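Q: Sequence and predicted model, in that order:
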Protein chains: 2
Amino acid sequence: MASNSSARRRFLKSTFAIAGLAATKQSATGQAPRAAPKDLRTYGERSRFESAGRKGSLGLWPPAAGPIRDYGIRTPLQNSVGMLTPASLHFVLSHGYDPPDIDPHEHRLLIHGMVDRPLIFTLEDLQRLPSVSRLHFLECHGNSATSGPTGALRIAPTATVQETHGLTSCSEWSGVLLSVLLREAGVQKGASWLVAEGSDRIKHTKSIPLNKAMEDVLVAYGQNGEPLRPEQGYPLRLVVPGWQGISNVKWLRRIKVVDEPYMAMMESTRYPSVRPDGKSRWFESEMGPKSVITRPSGGQKLPGPGFYEITGLAWSGGGAIRRVEVSSDGGRTWKDARLQGPVASKAHTRFGLDWNWDGSEVVLQSRCTDEKGVVQPTIAEVAKIWGVKMDYFQMTSTIDIGNFNAIQPWKITRDGGVHNALL
Amino acid sequence: MASNSSARRRFLKSTFAIAGLAATKQSATGQAPRAAPKDLRTYGERSRFESAGRKGSLGLWPPAAGPIRDYGIRTPLQNSVGMLTPASLHFVLSHGYDPPDIDPHEHRLLIHGMVDRPLIFTLEDLQRLPSVSRLHFLECHGNSATSGPTGALRIAPTATVQETHGLTSCSEWSGVLLSVLLREAGVQKGASWLVAEGSDRIKHTKSIPLNKAMEDVLVAYGQNGEPLRPEQGYPLRLVVPGWQGISNVKWLRRIKVVDEPYMAMMESTRYPSVRPDGKSRWFESEMGPKSVITRPSGGQKLPGPGFYEITGLAWSGGGAIRRVEVSSDGGRTWKDARLQGPVASKAHTRFGLDWNWDGSEVVLQSRCTDEKGVVQPTIAEVAKIWGVKMDYFQMTSTIDIGNFNAIQPWKITRDGGVHNALL
């Protein structure tokens, strides 16, 4: 990624009067063509022979009681190629069910709290500001976890990679750096956090440290070259690179600059990972290095011995992926995989390794190392780091285990079947 | 992009028997989930408030006589953000009209001619081979040309950037390097070209030099993380990076290794650019450096004086974009624009420049420089290079001018209107 920091500073020192800009009511680019009746030519569709789809679960939370309906649908990683996820297949994890139906011309973003100049932006205002585009993954903090509401599904020997790891996706996000907006608003001394709020039914709220906000957080209006999809926060969302999904507030309407975390519902009652001793991990924001083999993966079947490329995805909230190793002997020896370009910071990176299967039973697994040198752990190493016993990973209660990034083993049996071998 | 060349060589030296692989009939990954009835969850759609669409033209060629129907639909670049084009909005230029309706399980790719071992691949065979993914633009050789069937539309003062430049798009393409397949087939001494053939109604055929084929040509099955769209050659196409669109044979079914170009219909009767003196430019394969401002652009309207980001796209068949300059005074002075990441070879690169509009009449334009140091020319410079007079660019006959890459000026009038100012 090219650094724009010096140009950004020039922009911020200019006399650009944002108040006047924010008052703009007309569209700067109001000439978008009206679509003809939907057909193949105006907005194309995929082949009728293709059926890869997201698979969802709809739950109630608190279980069977509360008013909040969870909406979790997973990306079919077993069908993925390259490092991008099509917007139509991006995972969705929502609390409050249906995406709000927002008219972009009516939508506003308010920045207030500990600032010198509270600001209100229309979408058109934001699109006049210096833009950036970044390749970043988003991942639910519960992705690949063995416990919680979907734990049984995830640890089943029949689990597919969609079921084990489908709550991560990667896009090109376009928008404005939040730091640009905060500098225009003038952050006051003593401010250290911000609280971001969405327009969804439960007004999802998340506390984010100010230093992260100033580092690389995006107020995004674009995804993979077009406006965000409704399920991804249309018309505006936060993208908090490398941090757990819940931070990436969708349908963004308000940012309040404050001096402490607000302990909002999703960060105080659900997302802390409770340990057996009653203690919890709170604000475990950055996602650790993680990788998974997508081909061959659970539920697939090798037609017979011979040559295969072993391929999969690696990513880390700590930055760029530097190395992916693959073992085809249950973890005794490891070989370096090829990294496919582009290799971007806090983005999915596709890897591949040539492999000849001799027809015997084998266990395949991948592990990655990020630019900080952090290596993806085995499940036994995760247990040690977290100070828990192995049975912690099989609690099929409603306790969520967040930021679980253990190595995923796939066992290939002599008949070519591929099976989940994590536990 | 990471280079895989050393790993590739290791693969090619192995004893991997491709004949056995090519005979595989079963699916290696036959477990794709069947889609539920189409709904928002399985395969998402865009907001009902979004209507940006491709706009098409359907013509007969030879004009009003021949049996071939042209199908040209343009990407709405005025709505673009970032460097990617959504597959649904990728431009289409087809001779022969409707995309063939191909069952991927029935499709085969034959490699034959001057090779030691003719090979037939199924799609599943290809997906077992070492894969690569690359960010590349595709551009019709007639994109932004002032002459030919759509010349009048393109040079009109009211032209939008979709009308002037909409026959270019950029994707992440995934597949197998053609060099891998050719090495497995064993190219014979004396071979110097290949002829690629599609499965469409007119069996589109294109001659490609062997050295280009061995350099970076892809046999692609993936686009932006999912299978190719039908209009982009589903299930298999050539991607010939940086070369004119017509080389990127869609619905690819056959590659014959030969020792001379075959002068197929589209390369002998239509795509050579005829000059007024009767001479033609033949096999003008590589697209030169080109850029265009997408915001503000033709047909848009600035709501009033104030701050705007000038943004657009730059690309070159010669490699990566190294520099984009923007002039807001009709070409007298130029400022360096920011390049947004990722900046990939032979790919669209998004640029941006901060600008304060004072409300006076101005002409905006961009010019780019690629990694070879080649600078995008003005239209007067193009005329000089081609040895033609300026009136050559206004011939609204059926003569196509290929590979036209002149600087595109947009005039902004005092009312904020943006107008095509090329001629």
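A: Sure, I can see it.
Q: CA only for contacts and neighbour counts going forward, please
A: Noted.
Q: Next, the residue most central in space within chain A: secondary structure please.
A: Geometric centre of chain A, nearest residue: A:Leu138, 1.2 Å, by Cα atoms, centre = their mean. Following DSSP: H, G, I helix; E, B strand; the rest coil, A:Leu138 is assigned to strand.
Q: ok, it touching A:Glu172?
A: No: counting by Cα atoms under 8 Å, A:Leu138 sits too far from A:Glu172 to count as a contact (10.9 Å).
Q: On the pLDDT front, check the residue nearest to the centre of chain A for me.
A: At A:Leu138, the pLDDT value in this model is 98.
Q: Contacts only, for it.
A: A:Thr168, A:Ser169, A:Cys170, A:Pro241, A:Gly242, A:Trp243, A:Gln244, A:Gly245 (Cα atoms under 8 Å, 6 or more residues apart in numbering or on different chains).
Q: and the first one, how many neighbours does it have?
A: Using other Cα atoms under 10 Å in any protein chain shown, A:Thr168 is surrounded by 25 other residues.
Q: swap in A:Ser199?
A: As a burial measure, A:Ser199 scores 21 neighbours (other Cα under 10 Å).
Q: Would you mind measuring from the closest residue to it other than its chain neighbours to B:Arg48?
A: Nearest residue to A:Ser199, sequence neighbours excluded (Cα to Cα, 6 or more residues apart in numbering or on different chains): A:Trp251, at 5.2 Å. Plainly put, A:Trp251 is 15 Å away from B:Arg48 if you go by Cα to Cα, to the nearest Å.
Q: Say whether chain B is contacted by stretch A:211-224.
A: Yes: Stretch A:211-224 reaches chain B (Cα under 8 Å from any Cα of the partner chain) through A:Gly222, A:Asn224.
Q: List the buried residues for that stretch?
A: Residues A:Lys212, A:Ala213, A:Met214, A:Asp216, A:Val217, A:Leu218, A:Val219, A:Ala220, A:Tyr221, A:Gly222, A:Gln223, A:Asn224 are the ones in stretch A:211-224 that count as buried (16 or more other Cα atoms under 10 Å in any protein chain shown).
Q: Show only the entries of these found in helices.
A: A:Lys212, A:Ala213, A:Met214, A:Asp216 (DSSP state H).
Q: Make TSV out of those and add pLDDT and distance to B:Ile208.
A: Formatted as TSV, those follow (pLDDT from 0 to 100; distance: Cα to Cα, whole Å):
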residue	pLDDT	distance to B:Ile208
A:Lys212	97	50
A:Ala213	98	50
A:Met214	98	50
A:Asp216	98	44
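Q: nearest to chain B, of the contacts of A:Leu138?
A: Among the contacts of A:Leu138, A:Cys170 lies closest to chain B (Cα to the nearest Cα), at 9.5 Å.
Q: so what's the residue lying closest to A:Glu286 once chain neighbours are set aside up against?
A: Spatial nearest neighbour of A:Glu286, excluding adjacent residues (Cα to Cα, 6+ apart): A:Trp243 at 4.3 Å. Contact analysis of A:Trp243 by Cα under 8 Å, 6+ apart lists A:Leu138, A:Glu139, A:Ser285, A:Glu286, A:Met287, A:Gly317.
Q: try 7 Å this time
A: Listed by Cα atoms under 7 Å, 6 or more residues apart in numbering or on different chains, the contact partners of A:Trp243 are A:Ser285, A:Glu286, A:Met287, A:Gly317.
Q: Right, I'll leave it there.
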